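>>> All I have is the shape, not the residue letters:
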């Protein structure tokens, strides 16, 4: 199959917008499955993990492939819950396009916005599918307006719904100017195409004119016909929409009700017609060494092989590493180099994945998304490359965890098994972190939320057979500095043999929230040899895992190496790593350290009679109310609330609203802990 006939897309949305239900219909109508699975029954193809069946939500992204109109579409169904947002992050990093699914009633929800921003960050062309238009309160045009106003999207309406709520039965295609009807009780495989009914003709003509106004500028022939007052050809209109979508200037919007089997086939057509093939996207940038020019890899089989490892899973058959190939081709049994670790790896087998099923292939080529077996020293974000022309592709960036739990093995025999299993979990999910508490000796597992940690600890038991006592979840506080300081620090130790000598002159200052840790080398004149500079940075970063106020990790500061000294015999990488650690510990108390806490964006949906109580409760939790609006019959409250105040919130919310309110939350930012609370956290 020609690379132009490939589509690598993700399906992304807020939780419960219908992504997995939509994926099930796509598999069925494309002939890849013989029955439609149901998330309520726990028998969908992409939610195959026991935890996903139990919870009824997607936890881990799954890849499937379908064939439609002589094209192969590789689809990654991603989670909608914020705790598992890393799955969306790493999927969008390797995908060429995306379908963003919106609930026809709820519209733009918090995770919709988070995922949209990720797609913007990675420059992913996308189209929108307004789903669940058969539900009470569904409003297609309200959702389109919300996409425009809240996400800043230049939406172009491609279809109009026929009927509303329970009466939703089909759509008007504004390009062909035909209607598509699905029978109420059918599987949705067949639909009828007819002329537009008289009562909808005026509305259809109005939105057809709007569509042409928006799209003709993206195709010369269509523009000429438009200016001459004649009808543009259908192929030219489609090409204009494709050009606008690929450039990111247009966002096509389609409609449907996946659960009722309506609107899925036109969506598949739109994926083929408007979303990019691998050769339609920009070449991927490679990381250049200092002084080198930027290099790129194009989605071309004739270039040297390069691929990014974006996901690792450990199942009963062993370790599977998911790759996105960006250039070249490779046959099973070939050797590659991991350009991050410098190690050689051998790819023994290659599989095309159909959720948890495998189809063996003999080769990988540019544009493919596959899973491989045989990699022993590759982790998420590593680059695999042709040893004759190695490159390092831009790496993935993972979010910092916001919640911790302490783990203790129940028996001594479980101690080593616990540590090994946790390291395997982190290979699968880099948004997890582990550390050992220096005071208690406990193993601390950090994650993105209570559900995230609950699922991963459950996997420790079910998959790895590790039994551990689990402490109560606690907030992952951080430390930072608010002032600048200069440090001169020297280590000089002499024993019977070679000594330990290193000296640094450093400047530390605060950065904006969310900046992390930055290191800059300003050493001149060779006062410290180049090979020792990375050791200073390593020492600072390692030491920053434990702050000076309460032992929490330090963030949002910059360390600048200005100068120092070394000894021809007694200096070493170890000595400069050690001096970096000690310089950090010496600087932090002088730079006015403060404590930071994670703040969550909370959305509460409540009936009007509980609105005042819900707002008052959020305020008592140190919440800052951002907005409130009506959405259907519910009031929607948006607020920023410290995570420390949200434990046990679901029970209180149910009491306040007689069980009728619901909420979602996602991490927003870290903010300073009020002074009156710091004394309770700093022992």
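Now that the structure is in, tell me what you want to look at. Owing to the predicted nature of the structure, the values given are computational and were not obtained by experimental measurement.
>>> Which strands and helices lie in contact with the longest helix anywhere in the chain?
Of all segments of type helix in the chain, defined using DSSP state H, the longest is helix 198-215. On a contact count with 3 or more CB pairs under 8 Å, 6 or more residues apart in numbering; DSSP states H and E, helix 198-215 meets strand 155-157, strand 159-162, helix 220-227, helix 234-246. Every C-beta, even on glycine, is put in place using the N, C-alpha and C of the backbone.
>>> next one: the second one to chain centre, how far?
It stands for strand 159-162. 31 Å (CA atoms, centre = their mean, to the nearest Å).
>>> Next, give phi and psi for residue 61.
phi -70, psi 140 (degrees, to the nearest 10).
>>> what's near enough to touch the residue lying closest to residue 295 once chain neighbours are set aside?
Nearest residue to residue 295 in three dimensions, chain neighbours excluded: residue 286, at 4.2 Å (CB to CB, 6 or more residues apart in numbering). Applying CB atoms under 8 Å, 6 or more residues apart in numbering, we find residue 286 in contact with 294-297, 306, 391-394.
>>> Identify the residue spatially nearest to the spatially most central residue of the chain, adjacent ones excluded.
Residue closest to the mean C-alpha point of the chain, counted by CA atoms, centre = their mean, is residue 89 at 1.9 Å. Computed as CB to CB, 6+ apart, the closest residue to residue 89 that is not its neighbour in sequence is residue 118, at 5.9 Å.
>>> Now tell me what touches the lowest-mean-pLDDT helix or strand in the chain from outside.
Here the helix or strand of the chain ranked lowest by mean pLDDT, DSSP states H and E is helix 50-55, holding a mean of 76. For helix 50-55, contacts defined as CB under 8 Å, 6+ apart pick out 42-43, 47, 58-60, 455, 458-459, 462.
>>> can I assume residue 245 is in contact with residue 251?
Yes - shown here, residue 245 and residue 251 form a contact pair, counting by CB atoms under 8 Å, at 7.3 Å.
>>> any low-confidence regions in the stretch 301-450 of the chain?
Along the stretch 301-450 of the chain, the parts satisfying pLDDT under 70 run over 438-440.
>>> Now do the strands in it.
Ranges of strands within the stretch 301-450 of the chain are 306-315, 318-327, 329-331, 335-338, 344-346, 349-354, 357-361, 363-365, 369-373, 383-385, 403-409, 433-436, 443-447, based on DSSP state E, counting those that start in this stretch.
>>> The following helix or strand past the last one packs against which elements?
If I follow you right, that is strand 443-447. Using DSSP states H and E, the helix or strand that follows strand 443-447 in sequence is helix 450-462. Helix 450-462 is packed against helix 50-55, strand 403-409, helix 413-428, strand 443-447, strand 468-470, with contacts defined by 3+ CB pairs under 8 Å, 6+ apart.
>>> distance between the ends of stretch 534-550?
One end of stretch 534-550 sits 27 Å from the other (CA to CA, to the nearest Å).
>>> coming back round to it: list the buried residues for the least confident helix or strand of the chain?
Buried residues in helix 50-55, counted by 16 or more other CB atoms under 10 Å: 51-52, 55.
>>> Also stretch 444-453?
Residues of stretch 444-453 classed as buried: 444-449, 451-453 (neighbour count, 16+ other CB under 10 Å).
>>> cool, and stretch 168-188?
So stretch 168-188, judged by 16+ other CB under 10 Å, has buried residues 168-175, 179-182, 188.
>>> Quick one: distance of stretch 474-482 to the chain centre.
Its chain's average C-alpha position is 24 Å from that of stretch 474-482, according to CA atoms, centre = their mean.
>>> could you give the mean pLDDT of that stretch?
In this model, stretch 474-482 carries a mean pLDDT of 93.
>>> In that stretch, which of the residues would be classed as buried?
Using 16+ other CB under 10 Å as the burial criterion, the residues of stretch 474-482 that qualify are 475-481.
>>> Just the closest of these to residue 560, please.
Of all the buried residues of stretch 474-482, residue 560 sits closest to residue 481, with 13.5 Å by CB to CB.
>>> what are the phi and psi values for the closest one?
With angles defined as degrees, to the nearest 10, residue 481 shows backbone torsions of phi -110, psi 160.
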